[in-house]
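Peer 1: let me see the structure of the following:
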Amino acid sequence: MDKVKPIRNLKWDSDFWGLDFYEYNLEMTYDFESLKKPYIVQVKIPVGSNSLITLDELGFECVERKVNLIKDSMHRNEHIDKNIHPLKVEDLNGLESEIGSLFVKHSRYRFLNLQKVEYFYTHWLINSCNASMDTHAYGYFIQNQLAGFVTFRLEDDRLIIGLFGVLVNNQGKGIGSSLLRFVESKACDLGLKAILVSTQKTNLNAINVYQKNGYEIESEELWFYKMNLENGEKV
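Peer 2: Numbering: from 1, shown residues only. The predicted model follows:
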């Protein structure tokens, strides 16, 4: 029988959500009954993995199907939209809830407190303005008002898009495509080979935008949770 080992606590996640978040390692055996409630144990596996049966037997449930898309960084776009500028924290004032609400419906945290889920994404954007989460943040502005945004970081020879969104009243105006072209030009200028972005399988609008702009699905993964939210933050 495999030796029972301590499970790894995710401190940042635990502190933010106010419950214990853990990461499950498929190669180890854990005593889940010993975990203090409320808790969430998470694991991510490739679609088609042989681990599905094991996770089901352990009481895990699938909470998200993640789609990873990729586009080669080959050409610089010479017609960069002049409405795109570095994003500052003050640009978000009064828009915090509207920004966060863009992500709630498809979020793998959506069964927790919805206001906190909204703040999670706004917090991500704020931290990216300060380069403490993603390292770059840009906004699309109409008459000095934020209409859309994108954040990204660099990993080896790839640019990884973090948050990408267009505020509801400005959707359907081509702003998302303009932001993607901007990011692609940045990647080309930096000599990077590819741009990567991830979204949820249920977020068909986002997938459609990416594919229309030349992104192809590279892989799909499944997020699984084993959780006991007794005395926790159920909606």
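
Peer 1: secondary structure element holding Ile160?
Peer 2: Using DSSP states H and E, the element containing Ile160 is strand 158-166.

Peer 1: and what of Ile53?
Peer 2: Secondary structure assigned from DSSP H and E places Ile53 in helix 52-57.

Peer 1: what does Glu118 give?
Peer 2: Assigned by DSSP H and E, Glu118 falls within helix 114-129.

Peer 1: Ile217 now?
Peer 2: Taking DSSP H and E as the criterion, the element that holds Ile217 is strand 216-228.

Peer 1: which ones are touching the residue nearest to Tyr215 when sequence neighbours are not counted?
Peer 2: Excluding its sequence neighbours, the residue lying closest to Tyr215 (C-beta to C-beta, 6 or more residues apart in numbering) is Leu69, at 4.1 Å. In this view, the C-beta of every residue, glycine as well, is placed from N, C-alpha and C. Leu69 sits next to 196-199, 207, 210-211, 215-218 when contact means C-beta atoms under 8 Å, 6 or more residues apart in numbering.

Peer 1: go on, Ala194?
Peer 2: By C-beta under 8 Å, 6+ apart, the contact set of Ala194 is 70-73, 157-159, 187.

Peer 1: which helix or which strand is home to the residue nearest to Tyr215?
Peer 2: Counting by DSSP H and E, Leu69 is part of strand 61-72.

Peer 1: can you give me the strands for this protein?
Peer 2: 8-9, 20-23, 39-46, 61-72, 84-86, 136-142, 145-155, 158-166, 194-200, 216-228 (DSSP state E).

Peer 1: which one, of those strands, ends up nearest to Tyr119?
Peer 2: Relative to Tyr119, the nearest member of the strands of the chain by C-beta to C-beta is strand 158-166, separated by 13.5 Å.

Peer 1: give me the angle between that closest one and strand 194-200.
Peer 2: Taking axes from the mean of the first three to the mean of the last three C-alpha atoms, to 10 degrees, one finds that strand 158-166 is oriented at 50 degrees with respect to strand 194-200.

Peer 1: need the contact partners of strand 158-166.
Peer 2: With C-beta under 8 Å, 6+ apart as the criterion, strand 158-166 contacts 73, 99, 102-103, 121, 124-125, 128, 133-134, 140, 147-154, 173, 175-176, 179-180, 183, 186-187, 190, 192-197, 206.

Peer 1: now these: which count as buried?
Peer 2: When the contacts of strand 158-166 are checked for burial by 16 or more other C-beta atoms under 10 Å, the buried set is 73, 99, 102-103, 121, 124-125, 128, 133-134, 140, 147-152, 175-176, 179-180, 183, 186-187, 192, 194-197, 206.

Peer 1: parallel or antiparallel, list what pairs with the strand holding Leu69.
Peer 2: strand 194-200 (antiparallel), strand 216-228 (antiparallel) (DSSP bridges).

Peer 1: find the one among those with the highest mean neighbour count.
Peer 2: Greatest average neighbour count among the strands paired with strand 61-72 goes to strand 194-200 (a mean of 20), per mean count of other C-beta atoms under 10 Å.

Peer 1: test my guess that Cys188 contacts Asp72.
Peer 2: No - distance between Cys188 and Asp72: 9.9 Å, which falls outside the contact criterion (C-beta atoms under 8 Å).

Peer 1: how's the protein carved up into domains?
Peer 2: In the assignment given by automatic domain parsing, the structural domains of the chain cover 8-65+223-228, 70-219.

Peer 1: averaged pLDDT, the longest one. What do you get?
Peer 2: Same thing as domain 70-219. Per-residue pLDDT values over domain 70-219 give a mean of 94.
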